[in-house]
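*Asks:* Here is my input; please provide its structure:
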Amino acid sequence: MIESLVEQIEARFAELQDLIVDPDVVSDRKRNAEVGREYRRLEPAAALGADWRRAVDDAAGAEELLAEGEDPEVREMLTTSRARIVEVEEQIRLAMVERDPNDDKNVIVEIQGGAGGDEASLWAGDLYRMLTKYAERLKYATEGMDASEGKYTFAIKGDGAYSIFKFEGGTHRVQRVPATESQGRTHTSTATVAVLPEVEDVEVHVDQNDLQIDVYRSGGPGGQSVNTTDSAVRITHRPTGIVVAMQDEKSQLQNREKAMRILRARIYEAALAEQQATLGAERLAQVGTGARAEKIRTYNYGERRVTDHRIKLTTHNLDAVLEGELDEFTAALSADEKRRALEAQAAAGTA
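*Replies:* Model prediction:
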């Protein structure tokens, strides 16, 4: 079975190698981008296929030599080659797990303070800083969209942004002594993070007749100043009840454009959730209620500890994590996602 899969990978990768230099493909911007993306996705699997063939050849060679007479070094080579074959086969299966179709997309991130009052609002700001630092480290562009007390909405742009930041969606719990705490007691607060794949008009059609658009003067909580013109925009999508308000920009047109981007992302996310629920797929709500008991990760300042409860991973490098060094968590969560998808595929194949 694995040999058949390796042959398929090799054949398709050879086709892509030809296509990526084909003048007709190069001159077609859309087609060239599609081929390039598939080439990059398949390249690691093709390299693993080459590793697998080398290990198989090494094992076969060792078996031939051992047929002529026992040799401890050759026996060790055979054992090593067989172990390598098993290891690479697992890596190939994981590499070929069907990817989330949204993984290549830009994302819109919404952070909001949950349980904990003012401390929760401060924690939301810390998470905003952590995630934007992480994006900067990975050379992604960030775009502020809306910011008010305890709430931050921003975009992260770059190839594969969703594949990385989707793991940050959920309730983040912090345990620390607030600056205003005179007794030195540790408080627990939360902030919720929603990570939405940003979609284009062609992916989510929004009928203008379904929208209620209200304009008003910006200002009040979170506003930089009180405008004398009606530049703030609130858009209500009647069929879903989704409401997006935007007032950060001085131009009504800019606020409307940003609000529509967020609205499309929320409609898309709601449609995905409904579709997956209909199919009976397991879907954990990203945000929940923000209650202290609902959490994906806990940040404990006293012990300088960070624990991701989904994969039971704990590190003691809190300061580095808050500076955006989330690579260890992302890698572990990505591997866990692939393994679960592989198990689901195997279960479906035996059903």
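*Asks:* quick one: low-confidence ranges for this protein?
*Replies:* 200-203, 219-229, 275-294, 345-351 (pLDDT under 70).
*Asks:* In the stretch 1-150 of the chain, what residue spans correspond to helices?
*Replies:* 2-19, 23-27, 29-68, 72-95, 118-137 (DSSP state H, counting those that start in this stretch).
*Asks:* Next, the buried residues of the second one.
*Replies:* Buried residues in helix 23-27, defined by neighbour count with 16 or more other CB atoms under 10 Å: residue 25. (Glycine included, C-beta is placed from N, CA and C.)
*Asks:* That one packs against which elements?
*Replies:* Judged by 3 or more CB pairs under 8 Å, 6 or more residues apart in numbering; DSSP states H and E, the packing partners of helix 23-27 are helix 29-68.
*Asks:* that older thread, ok, and which of the helices of the stretch 1-150 of the chain has the densest surroundings?
*Replies:* Neighbour counts (mean count of other CB atoms under 10 Å) averaged over each of those peak at helix 118-137, with a mean of 19.
*Asks:* Need the CA coordinates for that helix. PDB is fine.
*Replies:* C-alpha atoms of helix 118-137 as PDB (Å, rounded to 0.1, in the frame of the first residue of the first chain):
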ATOM      1  CA  ASP A 118     -10.300  45.000  34.200                       C
ATOM      2  CA  GLU A 119      -7.600  42.300  34.500                       C
ATOM      3  CA  ALA A 120      -9.300  40.400  31.700                       C
ATOM      4  CA  SER A 121      -9.100  43.500  29.500                       C
ATOM      5  CA  LEU A 122      -5.400  43.900  30.300                       C
ATOM      6  CA  TRP A 123      -4.900  40.200  29.500                       C
ATOM      7  CA  ALA A 124      -6.600  40.600  26.100                       C
ATOM      8  CA  GLY A 125      -4.000  43.300  25.400                       C
ATOM      9  CA  ASP A 126      -1.200  41.000  26.400                       C
ATOM     10  CA  LEU A 127      -2.500  38.300  24.000                       C
ATOM     11  CA  TYR A 128      -2.800  40.900  21.200                       C
ATOM     12  CA  ARG A 129       0.900  41.700  21.700                       C
ATOM     13  CA  MET A 130       1.900  38.100  21.900                       C
ATOM     14  CA  LEU A 131       0.100  37.100  18.600                       C
ATOM     15  CA  THR A 132       1.300  40.200  16.700                       C
ATOM     16  CA  LYS A 133       4.800  39.500  17.900                       C
ATOM     17  CA  TYR A 134       4.500  35.900  16.700                       C
ATOM     18  CA  ALA A 135       3.200  37.100  13.300                       C
ATOM     19  CA  GLU A 136       6.200  39.500  13.000                       C
ATOM     20  CA  ARG A 137       8.700  36.700  13.800                       C
END
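*Asks:* ok, back up a step: could the helices of the stretch 1-150 of the chain be laid out in a markdown table, adding distance to residue 211?
*Replies:* Shown next, in a markdown table, are these (distance: least, CB to CB, whole Å):
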| stretch | distance to residue 211 |
| --- | --- |
| helix 2-19 | 42 |
| helix 23-27 | 39 |
| helix 29-68 | 30 |
| helix 72-95 | 43 |
| helix 118-137 | 29 |
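*Asks:* ranges for the helices of the stretch 151-300 of the chain?
*Replies:* According to DSSP H, counting those that start in this stretch, the helices that the stretch 151-300 of the chain contains are 161-165, 252-279.
*Asks:* Show the contacting residues for residue 78.
*Replies:* 59, 62, 63, 66 (CB atoms under 8 Å, 6 or more residues apart in numbering).
*Asks:* sorry, that was for residue 84
*Replies:* 51, 55, 58.
*Asks:* Surely residue 151 touches residue 111?
*Replies:* Yes. Residue 151 lies in contact with residue 111 (CB atoms under 8 Å); the separation is 6.9 Å.
*Asks:* Between the two, tell me which one has more neighbours.
*Replies:* residue 111 (25 against 19; other CB atoms under 10 Å).
*Asks:* Spit out the contact partners of the more buried one.
*Replies:* Residue 111 neighbours (CB under 8 Å, 6+ apart): 124, 127, 128, 131, 151, 152, 153, 191, 192, 193.
*Asks:* Can you get me the start-to-end distance on stretch 143-160?
*Replies:* 16 Å (CA to CA, to the nearest Å).
*Asks:* contact partners of stretch 24-34?
*Replies:* So stretch 24-34 is contacted by 19, 20, 35 (CB under 8 Å, 6+ apart).
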